[in-house]
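Novice: I'll drop the sequence and a predicted model, then ask my questions.
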Amino acid sequence: MNEKLKNIIELEMFRNKINKLELSEYMNMSYPTMLSKLNSPGTLKISEADRLCNILNIKLTELLNIND
């Protein structure tokens, strides 16, 4: 599941022209923390996932319903 989440997040970052540094600023977290969260998206808190979805213009329900 983490691999699919990573791919979706990376694709949406590309579509929205947002790099990892910008995303960390939008998410109000340090760059190293953002890298850790992107590397293991299953560790995102619901509030962080919600903020991420708002930034990347994706639905939280779609992100949460990803199956292997």
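Specialist: Cool, the structure landed. Bear in mind the structure is a predicted one, so any value in this text is a computation, not a measurement.
Novice: buried stuff in stretch 14-32?
Specialist: Of all the residues in stretch 14-32, those buried under the rule 16 or more other C-beta atoms under 10 Å are 23-24, 27, 29. The C-beta positions use only the backbone N, C-alpha and C, and glycine is treated the same way.
Novice: Quick one: residues in contact with it.
Specialist: 13, 33-35, 37-38, 48, 51-52, 55-57 (C-beta atoms under 8 Å, 6 or more residues apart in numbering).
Novice: one more time with 10 Å
Specialist: For stretch 14-32, the external contacting residues (C-beta atoms under 10 Å, 6 or more residues apart in numbering) are 9-10, 12-13, 33-38, 44, 48, 51-52, 54-58.
Novice: Stretch 35-43 now?
Specialist: So stretch 35-43 is in contact with 1-10, 13, 20-21, 23-24, 27, 29-30, 44-45, 48-49, 52, 63, 66, going by C-beta under 10 Å, 6+ apart.
Novice: Sort out for me which of those are in helices.
Specialist: Secondary structure defined by DSSP state H assigns 2-10, 13, 20-21, 23-24, 48-49, 52, 63 of those to helices.
Novice: Can you give me the first-to-last residue distance of stretch 9-26?
Specialist: Distance across stretch 9-26, first residue to last, is 14 Å (C-alpha to C-alpha, to the nearest Å).
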